[in-house]
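K.L.:
Model the following, please.
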Amino acid sequence: MSTSQNISGGRAPSFIEPQGTLFGHPKGLMVLFFTEMWERFSYYGMRGILVLFLVSNTKGGYGWTDEQALELYGTYTMFVYLMSIPGGILADKFLGQKKAVIIGGFTLVAGHLLMAYPPEWAFYTALCLIVAGTGLLKPNISTMVGGLYREGDSRRDSGFTIFYMGINLGALLASLIVGYVGEVYGWHYGFSLAGFGMVLGQIVFIWGRKYLQGVGNLNKNEKDEDRIFTKDQTGTAAAKGFMGFTKHEWDRIIVILISFIIVLVFWASFEQAGGLMNLFAQQYTDRVVFGWEIPTAWLQGLNSFFILTLGGIVAAIWVALAKRGKNLPSIFKMGLGTSILGIGFIFMVFASLQRTSSADGLSSLHWLVFAYMFHTIGELALSPVSLSFITKVAPKRIVASMMGLYFAVTGLANKLASLIGIWAVRLGELEVFIYIAGFTIFLGIVLMVLTKRINKLTHGMEDKKMDEEQAQTGQLLEAEMS
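P.N.:
I've put the predicted structure just below:
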């Protein structure tokens, strides 16, 4: 692809250099960072207390059974991400990513603030608004991150990691603030705080649009490399194939679909955090530290805390490998992350064994801490890399749609996670933790072994470099880490 084109199909980023950089990255990254931070504050604030609210008999809770709560939680989180498909298509065809983020953001504000109103009709209406708003905002703001970088810019993976840290700063603040207010003062007070967080996110994005010129706009008439006839080795133009894509483009789509299988397994396992592991923390974990009982919702913040403390280390490892010309392929990183996630579930096996053998029926808190730490390391290896992988490999005119499909797969994984949680309620969590640990470790190893074969389907799109940028990469990355 020409280096003057961006992921939304428009002409590119002459705007990047004049706007300058901050910590070695385009200033627009910080705008998207803080916008997503507040959007995730609202989402994870609600996510952290939703199941606890549904099963609670106090402070306005509905008093549902564990199975009922897990079922609604899984259905809600599934549709939150499934709506990313129409959200991505609307952005690609009609709105552009920037307008989609603004419309989605205001829809989220309405939904989260309505959650503060107690009646059940308001609760279900609010869930629908949040689902619709997230579907517009989530895939498109992630796509805009990729649009800040020219093709082959080796800062892209670390840029997504920084963006990902914004997600988790919001999630950590939500766990501490929304979780505490919800458990101590009332669930609906917690929900209202999540809504105010979304208002701040909208303010940041609207103010910061001046740093996003040329990114996220709708450019229907522009043509990119993926619309032009390709040439075979003899120089003869090659006609487009099925549905207007060349064979090479179909190969790239196939490798993304393979990555989606990995994503499905990873998040179906990881998302036990908001359901099964959340209930395990509340019912079967000794949360008393120095005579004070830690609120259950605060443990949801461990994942975000570890991302903020370990994210820079993981980014530095990728940077160090890049400087030495040893870039690990995205598929390898995703396999590595999946195996590390599985190791985290081994600690949950130990927790289950301890709680079934202890006199008080409780397990030690440190098992959950270690589990969340390894889950976080696995997430850092897989999630930001998989987002970046889509923006590099997908045919450019469908990149927002592919990003929407990524989040849709994540939604299916959330529903699968709730079904696994219900299975654990009926059969016992020990067996479920053993199965998850064994399967994810095995799958990750298989992916790492087969990386070279799978990566051939990208036809070098992941490895393209810009010579003029390569000379500056070391200095820019050093500035970022300083």
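K.L.:
Thought Ile261 was touching Ile331, still the case?
P.N.:
No. The pair Ile331 / Ile261 is not scored as a contact, 11.1 Å apart, by Cβ atoms under 8 Å. C-betas here are computed from N, CA, C, even on glycine.
K.L.:
Pick out whichever of the two has more residues nearby.
P.N.:
Taking other Cβ atoms under 10 Å, Ile331 and Ile261 do not tie; Ile331 has more neighbours (26 against 12).
K.L.:
Now do Glu431: how many residues are near it, please.
P.N.:
13.
K.L.:
in which helix or strand would I find it?
P.N.:
Assessed by DSSP states H and E, Glu431 sits inside helix 429-449.
K.L.:
which residues sit against the helix or strand that that helix is followed by?
P.N.:
Next helix or strand after helix 429-449 toward the C-terminus (DSSP H and E): helix 451-455. The contact list for helix 451-455 (Cβ atoms under 8 Å, 6 or more residues apart in numbering) reads Val255, Ile258, Pro329, Ile331, Phe332, Gly335, Leu447, Glu462.
K.L.:
swap the cut-off to 6 Å and go again
P.N.:
Contact partners of helix 451-455, identified using Cβ atoms under 6 Å, 6 or more residues apart in numbering, comprise Pro329, Ile331, Phe332.
K.L.:
pretty sure the last one contacts Met448?
P.N.:
Which is Phe332. Yes. Counting by Cβ atoms under 6 Å, Met448 is a contact partner of Phe332 at 5.4 Å.
K.L.:
Just want to know which of these two has more residues nearby.
P.N.:
Phe332 (21 against 18).
K.L.:
Could you measure from the closest residue to that one other than its chain neighbours over to Leu328?
P.N.:
Nearest residue to Phe332, sequence neighbours excluded (Cβ to Cβ, 6 or more residues apart in numbering): Thr451, at 4.3 Å. To Leu328, Thr451 is 8 Å away according to Cβ to Cβ, to the nearest Å.
K.L.:
Assign Gly61 to helix, strand or coil.
P.N.:
State at Gly61, reduced to three classes by DSSP: H, G, I helix; E, B strand; the rest coil: coil.
K.L.:
Can you pull the phi/psi pair for it?
P.N.:
Gly61 adopts backbone torsions of phi -70, psi 160, taken as degrees, to the nearest 10.
K.L.:
What residues does it make contact with?
P.N.:
Phe53, Trp187.
K.L.:
so what's it scoring on pLDDT?
P.N.:
You'll see Gly61 listed with a pLDDT of 85.
K.L.:
how much space between it and Glu71?
P.N.:
Counting by Cβ to Cβ, the gap from Gly61 to Glu71 is 16 Å.
K.L.:
quick revisit: return the item of the contacts of helix 451-455 having minimum pLDDT.
P.N.:
Lowest confidence among the contacts of helix 451-455: Pro329, with 86.
K.L.:
okay, now it: neighbour count?
P.N.:
Pro329 has 18 nearby residues by other Cβ under 10 Å.
K.L.:
so how far is His248 from the closest residue to it other than its chain neighbours?
P.N.:
Nearest non-adjacent residue to Pro329, counting by Cβ to Cβ, 6+ apart: Asn455, 4.8 Å away. Note on Asn455: its distance to His248, by Cβ to Cβ, is 14 Å.
K.L.:
Likewise for Gly190?
P.N.:
Between Gly190 and His248 the computed distance is 50 Å (Cβ to Cβ).
K.L.:
what does Arg150 give?
P.N.:
Taking Cβ to Cβ, one finds Arg150 at 21 Å from His248.
K.L.:
chain center to stretch 118-127: distance?
P.N.:
Relative to the chain's own centre, stretch 118-127 is displaced by 26 Å; criterion: Cα atoms, centre = their mean, to the nearest Å.
K.L.:
residues touching Ile256, list them.
P.N.:
Val393, Ala394.
K.L.:
tell me which element it falls in.
P.N.:
Per DSSP H and E: helix 247-270 holds Ile256.
K.L.:
If you count neighbours, what's buried in that helix?
P.N.:
248-249, 251-253, 255-256, 258-260, 262-263, 265-270 (16 or more other Cβ atoms under 10 Å).
K.L.:
Centroid-nearest residue for the chain?
P.N.:
For the chain, the residue nearest the mean C-alpha position is Ser383 (5.9 Å; Cα atoms, centre = their mean).
K.L.:
so what's it closest to, chain neighbours aside?
P.N.:
Tyr164 (6.5 Å).
K.L.:
just checking, next helix/strand downstream of the strand or helix carrying the one you found?
P.N.:
Using DSSP H and E, Tyr164 sits within helix 156-184. Note on helix 156-184: by DSSP H and E, the next helix or strand toward the C-terminus is helix 187-207.
K.L.:
And for Glu293, the neighbour number?
P.N.:
Glu293: 9 neighbours (other Cβ under 10 Å).
K.L.:
go on, the one 3 residues further on?
P.N.:
Applying the criterion other Cβ under 10 Å, we find 21 residues in the vicinity of Thr296.
K.L.:
That one against Gln283, yeah?
P.N.:
No. Applying Cβ under 6 Å, one finds Thr296 not in contact with Gln283, separated by 9.2 Å.
K.L.:
so where is the stretch 101-250 of the chain shaky, pLDDT-wise?
P.N.:
Counting by pLDDT under 70, the ranges of the stretch 101-250 of the chain that qualify are 151-154, 157, 219-243.
K.L.:
Now with 80, please.
P.N.:
For the stretch 101-250 of the chain, the stretches with pLDDT under 80 are 139, 142-143, 146-147, 149-162, 164-168, 194, 213-245.
K.L.:
so what secondary structure elements neighbour the helix or strand hosting Phe41?
P.N.:
Per DSSP H and E, Phe41 falls inside helix 28-55. Contacts defined by 3 or more Cβ pairs under 6 Å, 6 or more residues apart in numbering; DSSP states H and E place helix 28-55 against helix 66-82, helix 120-147, helix 156-184, helix 187-207.
K.L.:
List just the one of the ones you listed that sits closest to Ala437.
P.N.:
helix 66-82 (20.3 Å; Cβ to Cβ).
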